[in-house]
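Student: with the sequence up front, the predicted model follows.
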Amino acid sequence: MRNVRHFVTVTALVLLVTYLTYIGLTSLGLMPLAASAQAGPIDWLFDIHVMVMSFLFSLITVILVYSMVVFRRKPGETGDGAHFEGNTGLEIFWTIVPLVAVIGFGIVGADNLRQVRAVDPNALEVRVIGYQWAWRFEYPQGFSSTTLYLPANKQVLLKMESPDVLHSFWVPEFRVKQDLVPGRVTELRITPNLEGEYKVRCAEICGTSHAYMESPVVVVSQTAYDAWVTEQVALYEAELLASEGKPDAKRGEKLYTELGCKACHSLNGTPGTGPTWKGLFGRENRPLADGSVVALVNEEYLYESITAPNAKTVQDFKANAMPSFSYLRDSQIYDLIEFIKTLK
Ligand SMILES: [Cu+2]
């Protein structure tokens, strides 16, 4: 009879402490705002984990503290405690229960992944370029932006590329996260469902300015998004028209900064991580690391240097020091070359 009383008391205490622990943990606000359809299933999975954690925590601490208090040695008690020789029933019980729990979580987790990765064939596709140390977003209409604008309640398929090292696309409010891997296109699907301003940050340490690799993410209504696209397309077309579709040194100069060429190539004659661009175009007998020379620095040589930097390596520099920019559109490469031509 006394055993039953202990059992009932401990069960009641475990349930009470589980409840209080769960309330305490959830009121801490562990999760940021949820702003995507994917956040729903992920937060639910997180929530049941917190419940199970609260229960296990209580199960252990309640039994521990209860035993210390209730079964402590009374004054005058000097004998040894009773000896136990295993308990097969208990062994089977605490093998089967965790086994079922883990398999259950496996099934729930797989179903969760199915929901989070659900494909909408009409998703808006945006190309994401993450590089040391900024983000650029290219839209299907041809223009690019440094802010990620997205319409609410429409799935976006991000196709992500990195020209240099590993980066990781992470907007905590959207919950999902994906690495950018050089030489590969990785994908991430998000359905933003709450209008507002968020921030994408790089979640994979990628060099000195990793901490500043952030860009705004703006989720607006479909109407506001359409208006923004129309405006961007007009700007982009005006720019193209101004140069009559020809390569443009001004755009090239903008790319020089935006794409980070600036970090390695100076314009004033001082060599940096890479050779200076001053006086580069038209140079004769440009020496290479292997002792040979390039007879003439022309468009063809520059094009190759940008898209396949390891084809030839400049004297005094090392191969693999420059990331490949083969992902650029041809028009962008010609703009860069046009800019290099102006640097006499
Ligand atoms: Cu990064």
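Tutor: The structure has been received and is ready for your questions.

Student: shaky segments in the chain?
Tutor: Along the chain, the model assigns pLDDT under 70 to residues 1-2, 243-244.

Student: all helices of it, in order?
Tutor: Along the chain, the segments classed as helices by DSSP state H run 2-26, 39-70, 88-116, 222-242, 249-258, 299-307, 330-341.

Student: count the neighbours of the residue in the stretch 51-200 of the chain that the ion sits nearest to for me.
Tutor: Residue of the stretch 51-200 of the chain nearest the ion, by Cβ to the ion: residue 167 (3.4 Å). The C-beta positions use only the backbone N, C-alpha and C, and glycine is treated the same way. Burial of residue 167 is recorded as 29 neighbouring residues (other Cβ atoms under 10 Å).

Student: residues in contact with it?
Tutor: Residues near residue 167 by Cβ atoms under 8 Å, 6 or more residues apart in numbering: 130-131, 179-180, 202, 204, 206, 213.

Student: so which of those belong to strands?
Tutor: 130-131, 179-180, 202 (DSSP state E).

Student: count of residues packed around residue 194?
Tutor: Applying other Cβ under 10 Å, I find that residue 194 has 16 neighbouring residues.

Student: show me which residues of the protein are close to the ion?
Tutor: 167, 202, 206, 213 (Cβ under 5 Å from the ion).

Student: which strand residues bridge the spatially most central residue of the chain?
Tutor: Computing the C-alpha centroid of the chain and ranking residues by Cα atoms, centre = their mean puts residue 169 first, at 2.1 Å. Taking DSSP bridges as the rule, residue 169 bridges to residue 178, residue 202.

Student: on that earlier part again, winner for burial among the helices of the chain?
Tutor: With neighbours defined as mean count of other Cβ atoms under 10 Å, the helices of the chain peak in mean count at helix 330-341, which reaches a mean of 20.

Student: I'd say residue 285 and residue 292 touch.
Tutor: No: counting by Cβ atoms under 8 Å, residue 285 sits too far from residue 292 to count as a contact (10.0 Å).

Student: just to revisit the earlier point, would a markdown table of the residues of the chain next to the ion with distance to residue 26 be doable?
Tutor: Below are the residues of the chain next to the ion laid out as a markdown table (distance: Cβ to Cβ, whole Å):
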| residue | distance to residue 26 |
| --- | --- |
| 167 | 33 |
| 202 | 30 |
| 206 | 34 |
| 213 | 32 |
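
Student: and the residue sitting furthest away from the middle of the chain, what does it touch?
Tutor: Distance from the C-alpha centroid of the chain, by Cα atoms, centre = their mean, peaks at residue 76 (64.5 Å). Applying Cβ under 8 Å, 6+ apart to residue 76 gives no contacts.
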